[in-house]
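Asker: curious how this folds, go ahead:
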Amino acid sequence: MIKKTNDEESVTLNFRVTDEFRWMYKVYAAENSVMMNWVLQRSFEVYKNLVDLGMLNREAERRLLRDRFKTPQQDARED
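Answerer: Predicted structure coming up:
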């Protein structure tokens, strides 16, 4: 069951990223004097709007993301 929260209430969002991405993300937020959660929320809004407007092809985007963010296990299976 999904717990509903107020729009103002924060909840934890956990996922794994590469060290390189984490570093670039943190540096970008710091250099622009914004919080990391703000960058994530705005990035998602822009991405969703581009997809909704048809400016990004969902299947091509899935292939791109799948190839860009393969796990070491996925790479090993393909060899």
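
Asker: what ranges of this structure fall below the confidence cut-off?
Answerer: Applying pLDDT under 70 to the chain flags residues 1-7, 69-79.

Asker: redo that, cut-off 50
Answerer: Along the chain, no part satisfies pLDDT under 50.

Asker: all helices for it, in order.
Answerer: 19-31, 36-52, 58-68, 72-78 (DSSP state H).

Asker: any buried residues in the first one, and which?
Answerer: Meaning helix 19-31. residue 29 (16 or more other Cβ atoms under 10 Å). From N, CA and C alone the C-beta is placed, and that goes for glycine too.

Asker: alpha carbons of that helix, as CSV, please.
Answerer: Provided in CSV are the C-alpha atoms of helix 19-31 (Å, rounded to 0.1, in the frame of the first residue of the first chain):
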residue,chain,number,x,y,z
ASP,A,19,30.7,7.4,-8.3
GLU,A,20,31.3,9.6,-11.4
PHE,A,21,27.6,10.5,-11.7
ARG,A,22,27.4,11.2,-8.0
TRP,A,23,30.4,13.5,-8.1
MET,A,24,29.2,15.4,-11.2
TYR,A,25,25.7,15.8,-9.7
LYS,A,26,27.0,17.1,-6.4
VAL,A,27,29.4,19.5,-8.1
TYR,A,28,26.7,20.8,-10.4
ALA,A,29,24.4,21.5,-7.5
ALA,A,30,27.1,23.2,-5.5
GLU,A,31,28.4,25.3,-8.4
